[in-house]
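Visitor: With the sequence up front, the predicted model follows.
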Amino acid sequence: MYSVRLTVALLLLSLATTAQDRVDSLRLNLNTDTARMKSHKVIEIESYASRFDPRKALLFSAIFPGTGQLYNKKYWKMPLVYGGFAVTTVVVVFWDNSFNRYRNELFYALNNNTTGPTTGLTSEQLRRAVDISRRQRDFFILLSGVWYLLQMVDAHVDAHLKEFQLNPNLRVNWQPHFDTSTMLGRQAGIRLTYRF
C-alpha cells in the first residue's frame, strides 16, 4: 500500500514539473498580444476575431440590411436577406391591393344599396373581406419588421462566433447501424458519430 502511494505521488510530481516547463517555454504578454518562445523569438499574434467587430456588423445591418452579412464575409446570406424582404413586400402589396379593391366596392355597395359591382358580394361579405385583407396586410408588415430585426441579430451573432476556432478534423456523420450482438438477434438503427 505504501509503494502504491509513493508511486502515485511521484507520478503527480513528475506531471507538475513538466507542466511548469511548458509554462516557462511560452510567455505571453497580454497587453501586446505577443508570444515569446524559449529561443527568444517574438511572434505577433493576430486574432482572427479582432478583425470582426460585432457592434460594427450590427450597425451596418441596421443602416442597410445585408451589409452586416457582407462585413462578416457571409456572402451567401445576402440573397436570403433580400429574398425575405422581397417575399414580404410582394405579399404586403397583394393584400393592400385587395384591401383597397374591397373597400371601394363596399363604399359603392353602401352608397347605392346594391351588391359589389365586380364581385357581387353583399355589404356584410365585403366588410368581412376588408377586415381580412387589412389584418393580413398588417401581419405581413409586422413580419417584415421581424425579418429586419432577425437579419441584424444574425450579423451580430455571426461576428461574435468568429472568435471560435474549429478543428478542421471535426466531423459529424449520420450512418446506418446494424447490431447483431443483441439477445433478440438483429437490430437496425441510425448512429450519430462525431470525431475531433
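Guide: Yes, it's here. As the structure is a computational prediction, the values presented were derived from the model and not from experiment. Numbers count the residues shown, from 1 in each chain.

Visitor: neighbours of residue 162, just the number please.
Guide: Residue 162 has 18 neighbouring residues, counting by other C-beta atoms under 10 Å. Every C-beta, even on glycine, is put in place using the N, C-alpha and C of the backbone.

Visitor: Test my guess that it contacts residue 71.
Guide: No. Contact criterion C-beta atoms under 8 Å: residue 162 and residue 71 do not qualify, at 10.8 Å.

Visitor: Between these two, which contacts overlap?
Guide: Residues touching both residue 162 and residue 71 (C-beta atoms under 8 Å, 6 or more residues apart in numbering): residue 52.

Visitor: Name the next helix or strand downstream of whichever strand or helix holds residue 146, please.
Guide: Secondary structure assignment for residue 146, by DSSP states H and E: helix 123-160. Once the chain leaves helix 123-160, the next helix or strand it forms, by DSSP H and E, is strand 171-182.

Visitor: Give me the helices and strands touching that next one, please.
Guide: strand 185-195 (3 or more C-beta pairs under 8 Å, 6 or more residues apart in numbering; DSSP states H and E).

Visitor: okay, and the helix or strand of the chain with the least pLDDT?
Guide: Ranked by mean pLDDT, DSSP states H and E, the weakest helix or strand in the chain is strand 27-29, scoring a mean of 47.

Visitor: For residue 122, the count of nearby residues, please.
Guide: 14.

Visitor: Excluding chain neighbours, give the residue nearest to it in space.
Guide: residue 115 (5.7 Å; C-beta to C-beta, 6 or more residues apart in numbering).

Visitor: Next, the buried residues of the helix holding residue 146.
Guide: Of the residues in helix 123-160, those buried by neighbour count under the rule 16 or more other C-beta atoms under 10 Å are 123, 125-127, 129-130, 133-134, 136-137, 140, 144, 147-148, 151-152, 154-156, 158-159.

Visitor: any idea how far residue 138 is from the residue lying closest to residue 118 once chain neighbours are set aside?
Guide: Distances taken as C-beta to C-beta, 6+ apart place residue 105 nearest to residue 118, at 6.7 Å, with adjacent residues excluded. According to C-beta to C-beta, to the nearest Å, residue 105 stands 20 Å off from residue 138.

Visitor: now swap in residue 104 and tell me
Guide: 19 Å.

Visitor: Would you mind confirming that residue 119 makes contact with residue 105?
Guide: Yes. Using C-beta under 8 Å, residue 119 is in contact with residue 105, at 6.1 Å.

Visitor: Can you check which residues contact both of those two?
Guide: residue 126.

Visitor: the more surrounded of those two?
Guide: Neighbour tally, residue 119 and residue 105, criterion other C-beta under 10 Å: the higher count belongs to residue 105, 22 against 14.
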